[in-house]
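Trainee: Return a 3D structure for these sequence lines:
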Amino acid sequence: MREKILSNLVTFREKANLSQDQMADKMHVSQSKYARFENGTTKTDLEMMIRFCQVLDITLVDVITWPDTYVNLDKIPTQKEETVLLSIEIKKDKKDQILRLVFGDNNLEIFNK
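Mentor: A predicted model of the protein is given here:
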């Protein structure tokens, strides 16, 4: 039964498209503590199980009984990439140097049009 639960932890985390490091961050624990929890190298901690379920918005029953009891894995939110806009102010004479550094010489022409 314990092996099944540990396997389910991996299944649910992977379905959410999260690495162990990302999951640990969301649960506010170190990556090594999370890895020991998921791999079963430490005793299964109920508090950790509850945190895990809260992050993925599932129930403890889901983790324990899946796949014997139907749980819609599609309801687990997946981690999506976020787009970040970076804005910097530079002197006009440095603009071309920075654009070349970031985008290369060939793409510089696009920005100068």
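
Trainee: same question for stretch 29-44, mean pLDDT?
Mentor: The average pLDDT within stretch 29-44 is 89.

Trainee: gap between the two ends of it?
Mentor: When the termini of stretch 29-44 are compared using CA to CA, to the nearest Å, they are 15 Å apart.

Trainee: Pull out the buried positions in that stretch.
Mentor: In terms of neighbour count (16 or more other CB atoms under 10 Å), stretch 29-44 has its buried residues at 29, 34, 35, 36, 37, 38. In this view, the C-beta of every residue, glycine as well, is placed from N, C-alpha and C.

Trainee: same deal with stretch 11-24?
Mentor: The neighbour-count check on stretch 11-24 (16+ other CB under 10 Å) flags 12, 13, 15, 16, 18, 20, 22, 23, 24 as buried.

Trainee: what's the answer for stretch 44-52, then?
Mentor: For stretch 44-52, burial by neighbour count (16+ other CB under 10 Å) applies to 48, 49, 51, 52.
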